[in-house]
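Novice: Turn this into a structure:
(chains A, B, C and D)
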Number of protein chains: 4
Amino acid sequence: MDTVEFTPTFEQLAWTFGGVEPIMKIKPGTMLRLWCEDAYSGKLRSTSDLPSQCVDINQVNPQTGPFYVEGAEPGDTLALHFVALEPARDWGVSTLIPFFGGLTGTDRTALLQDALPELTWVYQYDRARHLVTFEAARSDFRLELPAEPMLGTVGVAPPAREVRSSLVPERFGGNMDTPEMKAGATCYLGVNVPGALFSVGDGHYRQGEGEACGTAVEGAMNVTVIVELIKGGAPAWPRIEQDDWLIAIGSSRPLEDAWRIAQVEMITWLGELYGLDPMDGYQVVSQTAKAPIANVVDANYSSAVKIAKSLLPAPNAYGGMHDHLRSLGSA
Amino acid sequence: MDTVEFTPTFEQLAWTFGGVEPIMKIKPGTMLRLWCEDAYSGKLRSTSDLPSQCVDINQVNPQTGPFYVEGAEPGDTLALHFVALEPARDWGVSTLIPFFGGLTGTDRTALLQDALPELTWVYQYDRARHLVTFEAARSDFRLELPAEPMLGTVGVAPPAREVRSSLVPERFGGNMDTPEMKAGATCYLGVNVPGALFSVGDGHYRQGEGEACGTAVEGAMNVTVIVELIKGGAPAWPRIEQDDWLIAIGSSRPLEDAWRIAQVEMITWLGELYGLDPMDGYQVVSQTAKAPIANVVDANYSSAVKIAKSLLPAPNAYGGMHDHLRSLGSA
Amino acid sequence: MDTVEFTPTFEQLAWTFGGVEPIMKIKPGTMLRLWCEDAYSGKLRSTSDLPSQCVDINQVNPQTGPFYVEGAEPGDTLALHFVALEPARDWGVSTLIPFFGGLTGTDRTALLQDALPELTWVYQYDRARHLVTFEAARSDFRLELPAEPMLGTVGVAPPAREVRSSLVPERFGGNMDTPEMKAGATCYLGVNVPGALFSVGDGHYRQGEGEACGTAVEGAMNVTVIVELIKGGAPAWPRIEQDDWLIAIGSSRPLEDAWRIAQVEMITWLGELYGLDPMDGYQVVSQTAKAPIANVVDANYSSAVKIAKSLLPAPNAYGGMHDHLRSLGSA
Amino acid sequence: MDTVEFTPTFEQLAWTFGGVEPIMKIKPGTMLRLWCEDAYSGKLRSTSDLPSQCVDINQVNPQTGPFYVEGAEPGDTLALHFVALEPARDWGVSTLIPFFGGLTGTDRTALLQDALPELTWVYQYDRARHLVTFEAARSDFRLELPAEPMLGTVGVAPPAREVRSSLVPERFGGNMDTPEMKAGATCYLGVNVPGALFSVGDGHYRQGEGEACGTAVEGAMNVTVIVELIKGGAPAWPRIEQDDWLIAIGSSRPLEDAWRIAQVEMITWLGELYGLDPMDGYQVVSQTAKAPIANVVDANYSSAVKIAKSLLPAPNAYGGMHDHLRSLGSA
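Specialist: Have a look, this model is predicted:
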């Protein structure tokens, strides 16, 4: 298997999906070992570093990429199998940013109240114990929490000539902020432009579902990912396969529309896998789906819908791609 | 412990929260063994029984109750610990009801499209193997699914003189349709009127998160519940405690508001348990909360927010009420 | 024409739709001259009277009624023609109430920000010039504004055994807070219970569309209304007819659903009036409807959809009921 | 005054805001006489021309532009005064497009129901009487409606490197679909990139508020517009000034957020014009604002909030820019 290592310089970081020249061309079947900067571009390092003072709003959520996948054409399906996600620093950072987050007025839910206080929390990462430590800012309180590394942002270039900020989750993937995007997961994305032009970023050392305050335990990440290409079969919305789960991710506003998108995508997938009529598929998701919220803070809200494979006849999604990549990654 | 058995006649069923005389008075500390009719009032028994033909729309989601809890006053907290939920029939039923459900236009999301086909699925319940079996209506497809009994509807009389249909989830509980309401769970509800006037119903042999099509595997249920009263301390919104989880349930529209309510309620609870400042509480839920959607089909949508106790210092919620009732229930 | 005058004592005020014994029985064709207390129950009289200190939250938005209309049965249509709305005091009051209003977090849009300042504005009403005067609380600014009296709340008892707070706008009418409910308007409401049990209240000396801060220029009102009954023909949602406009009012959340309801109701009405196919009706509203928002602050949001009669063939709604009542009222 | 006439060839049409080289550079103070193609790129000409067969989904809503305004820098304010909007053809077209519109499931409000029928209506435009004629497709019904020409789409290049489809309404203007964008209106837009790069298109011969079915009476338009530049003062969201009204336009989902944005923008504007404290401004909009919905069908929904100048002290917005351009346009 071709293996490529890449650590971008600051100048090589991408800030959008679409609109950026590929950083390199790769063949399907390549394994990439990538370094991803954190969502603050690494500018926050202590509790006294506040986002409004230290972070350039035009330089947030940097992406490593985009990569041009040889042979990828619109209508194809890109498969990204995450072999490993490893914290690249010994600390991660979360913040309260004025008028950003799920429990405050925002630029969209425009209100007249004062902003919440701006705060920065630094979580030390204990590599040996694979823990991050929360130290309360305004209380005497401390928690050790298991590290559960994931990627907030995985996407391809959008269709219809658009260029979107890396802060946006959409049909093309992007900033979905779902904890399902973890090591062992295979993400399937529809290709919209020649080469697919995918990028990844926004490492989280851990995150609650919803990402309530707008930021996870943000940290630089070493990402090992195998890239494969499936001709045709482009899903309308991002899908994720894990060893035990089939997952669809919808992103829109209001949140019920994100959920509806993911439900319908899952019903479509069940139809592809089992020839199941949509009404029967509707019934199956109604009784079997889990529905963990992904984010309620980004430009679109994201909702995951997932079904345990153990409840279903053994699925053969994309010709067994996940199992194939899983075994390649284990090797 | 006082133990009371009660199986309502059809005439004794309640259809609202509030507006109904109590079916009996009970003392705090009583264990109730109740029978609950299914949400269709038992009118659907085969795949040819369609809701529009067999079910009276004014007789859906019947409640067993209400019970007057002696000593309960507005501002108090009712604790309902579910010792056992046992399917009372050998079959459950799910349906597609015209213009009802999450993936169709409704009376609220008023559209001009034709209704989806009306369909009834009957799930046989295998008591020995604790399984329900899905038989597809329009495809050749069959699934055996673990029974996971839960109650869709648990609530008290609402405040401010209101009487609400048992189809409504709200501040007072009601038709939240969350799989978290299962055996082993303790539900905490704020008391709004003297006696609390709680009732339960809407047994589900299993349900996916979101209850996409609007109905779970609906089935009559034998419910064993211990009722306790905590003076004062009424939560603003329903809370659930399980052996391993703290849970808050918000209900509103759009779905993001249901999620916001549950998040804020959880932050309030963390403040009560640990003296945690709200901004630190916001941070803790941001990194630790699970957020499974409960329903996206009822008069209000419901969202659960839950935190694993294992991530927190040992909580002492309501003076250890859950552990106390748990041990009583096991005895 | 029978004419009845009625001024309720405080004890006679109603606080809900449904759940209240009728204050009197009237025959269809009766003209009522009613006095309505303001939404604060008259408790705010100066800029130093703050809602949280002076107003009992269980005694807001009092209704005059309910009236039992002889012969009214479920499925019938109640017609209320407002002959005159006359300010009953020389002042009205608006307020900022903590966590209430469209530009603040609320009990539903639950956020962590501090409340906006609590403020009371008193508007003097100049009867001769029919003006109300705004005096800014925190700026040196004053506006004379035309009085445009309207009723925020007009409704009947709800169906399905429910009792709803007078703060709620719904299918049964209620707290719609639309400036379209003014002298000269005829409101059509579907009857849900024998006698209809309608009530009116919540006089506004003027209000912007949306009622952004949650309160209009609230003032006691003398209301002259003719009550008529149409057998059958109950509209699904409230309709209003004025000399120049046909109007439908939808109430739900999110706001787009309120708009959808009103659009579909209007398309239904066009079908009734002209035999117009729903797809053609959809086209007609698409090119002719005005869509002024009513409220974005109440338990449901309300949206009005209206079409100028001048654009349509002369409508004969409800057998010319509006013109009939209009001429009676003028006499 | 410099006057420039420009009729784009098909190849010169723009399909996005941002991402396109300017079609020409102009000086502030220039009057442009532009021809705008209709939203279907002129491909629909009879009732048998259906969008799914005749229209390329990647070639809808073409823009005339973008124009580079000399001296325009980020933070500046572009003023576009529409002197005249004149139908350029003798017919306009509206359609029902599958899964597009406000009263159907869509790609976002993803449902399982069948699509509505696909339909095309052609409206003849009677230039002499300035009327368009509706001929029902499935009923025997005909309406003559006043032509009320407007532009659905007016915008500048977005910030933060984004490129957005011309179907999107946003902070940068775009496809707001508000009938307020008519001859005599001055639109103020914040500049995001050097030269502003504005374009216009999407002529409507008339449109209801909400644009319910997703398309107005779409028609090619001759547009006469004077372009001016104000240094600094960029509004956060689009503003419109007419002879009699101040207007702000918010665009987001759900619809209440679009309304909130427009309300807050108007309160900000009142603060700029009169030094009014935001809480007093909140009160003023609460009692004086009109709130006509603009669209409930596009990628974002749009809401207009407007206040009659007659209710306010004479405003001096942007140094009297509107009156200045108005008089230039009349000359």
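Novice: what does the stretch 151-300 of chain A put close to chain D?
Specialist: Residues of the stretch 151-300 of chain A lying close to chain D by C-beta under 8 Å from any C-beta of the partner chain are A:160-165, A:250, A:252-254, A:257, A:260-261, A:263-265, A:267, A:278-279, A:282. Where you see a C-beta, it was placed from the backbone N, CA and C, and this is true even at glycine.
Novice: Let's see which of these end up in helices.
Specialist: Residues of those located in helices (DSSP state H): A:257, A:260, A:261, A:263, A:264, A:265, A:267, A:278, A:279, A:282.
Novice: Would you agree residue A:78 falls within a strand?
Specialist: Yes: Residue A:78 forms part of a strand when assessed by DSSP: H, G, I helix; E, B strand; the rest coil.
Novice: Can you report how many residues lie near it?
Specialist: Using other C-beta atoms under 10 Å in any protein chain shown, the number of residues around residue A:78 comes to 27.
Novice: Tell me who's in contact with it.
Specialist: A:69, A:72, A:156, A:188-191, A:196, A:198, A:227-230 (C-beta atoms under 8 Å, 6 or more residues apart in numbering or on different chains).
Novice: can you check residue A:256 too?
Specialist: Contact partners of residue A:256, counting by C-beta under 8 Å, 6+ apart, are B:102, B:253, B:254, B:255, B:296, B:301.
Novice: Would you agree the third one is in contact with residue A:258?
Specialist: No: taking contact to mean C-beta atoms under 8 Å, the distance of 10.5 Å between residue B:254 and residue A:258 leaves them out of contact.
Novice: In terms of neighbours, single out the busier of those two.
Specialist: Counted by other C-beta under 10 Å, residue B:254 and residue A:258 do not tie: residue A:258 has more neighbours, with 31 against 26.
Novice: Which of the contacts of residue A:78 ranks first by neighbour count?
Specialist: When the contacts of residue A:78 are compared by neighbour count (other C-beta under 10 Å), residue A:196 ends up highest, at 32 neighbours.
Novice: How confident was the prediction at that one?
Specialist: Residue A:196 is assigned a predicted lDDT (pLDDT) of 98.
Novice: so which residue of the stretch 51-200 of chain A comes closest to chain C?
Specialist: Closest approach between the stretch 51-200 of chain A and chain C, counting by C-beta to the nearest C-beta: residue A:113, at 4.0 Å.
Novice: Please, which helix or strand holds that residue?
Specialist: Counting by DSSP states H and E, there is no helix or strand that carries residue A:113.
Novice: Next, work out how far apart it and chain B are.
Specialist: To chain B, residue A:113 is 14 Å away according to C-beta to the nearest C-beta, to the nearest Å.
Novice: Could you verify my assumption that that residue touches residue C:113?
Specialist: Yes: if you go by C-beta under 8 Å, residue A:113 and residue C:113 touch, sitting 4.0 Å apart.
Novice: Now the common contact residues for these two.
Specialist: Counting by C-beta under 8 Å, 6+ apart, the residues touching both residue A:113 and residue C:113 are A:105, C:105.
Novice: what's the burial count for residue A:153?
Specialist: By other C-beta under 10 Å, the residues close to residue A:153 number 28.
Novice: who touches it in this structure?
Specialist: Going by C-beta under 8 Å, 6+ apart, the list of residues near residue A:153 reads A:61, A:63, A:166, A:173, A:174, A:175, A:176, A:177, A:199, A:200, A:201, A:202.
Novice: Beta-bridge partners for it, please?
Specialist: Counting by DSSP bridges, residue A:153 is bridged to residue A:201.
Novice: what residues are up against residue A:249?
Specialist: By C-beta under 8 Å, 6+ apart, the contact set of residue A:249 is A:169, A:173, A:176, A:178, A:180, A:237-240, A:262, A:294, A:302-305.
Novice: Among the residues you listed, which lie within helices?
Specialist: Among those, DSSP H puts residue A:262 in helices.
Novice: ok, and the most crowded of the contacts of residue A:249?
Specialist: Going by other C-beta under 10 Å, residue A:303 tops those with 33 neighbours.
Novice: Please report the distance of residue A:141 from residue A:130.
Specialist: Per C-beta to C-beta, to the nearest Å, residue A:141 is found 22 Å from residue A:130.
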